[in-house]
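*Asks:* Next come a sequence and a model predicted from it.
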Amino acid sequence: MILGRIGTFAVTQERFNQWDWSRDMRQQDNWEAHAAFIDELTEQGFIVLGGPLGDARRVLLIVEADDEPSIRERFAADPWIGTHLRIERIEPWNVLIRGRRESGHLNGR
């Protein structure tokens, strides 16, 4: 079995469908399950950075993975994919500059 080479990818997700714009992110339905899922991917080193962009309609996640299909497979288990979020775009990212690393969790754990 030949494993793919780990690379860095920029994943853009869009808030849609059941997203309630009158409520804060942490007040959305099924927040705890989504936050726990994202925290786990972060602890595993799959998600490197992430957060809302500009007007908060889109979210940017920087991930380290083998390829696009493996990224889609991992995010398919997110309780918010298909209800509150959808993957808008996945692009390989050739990182030329890398600064310090900090870890963070959605639940502040």
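*Replies:* Received it, and whenever you're ready, just let me know what you need. Numbering: from 1, shown residues only.

*Asks:* and residue 48, how far is that from residue 40?
*Replies:* In this structure, residue 48 and residue 40 are 14 Å apart, going by CB to CB, to the nearest Å. Placement of C-beta: from N, CA and C, glycine included.

*Asks:* quick one, which of these two is more surrounded?
*Replies:* residue 48 (17 against 13; other CB atoms under 10 Å).

*Asks:* what about residue 57, how many neighbours?
*Replies:* The burial count assigned to residue 57 is 14, neighbours taken as other CB under 10 Å.

*Asks:* Could you look up the SS state of residue 91?
*Replies:* strand (DSSP: H, G, I helix; E, B strand; the rest coil).

*Asks:* So for stretch 6-18, mean pLDDT?
*Replies:* Predicted confidence along stretch 6-18 averages 96 (mean pLDDT).

*Asks:* What number of residues are in the vicinity of the spatially closest residue to residue 46 that is not a sequence neighbour?
*Replies:* Taking CB to CB, 6 or more residues apart in numbering as the measure, residue 46 lies nearest to residue 63, with 5.6 Å between them; neighbours along the chain are not counted. The burial metric for residue 63, expressed as a neighbour count using other CB under 10 Å, is 24.
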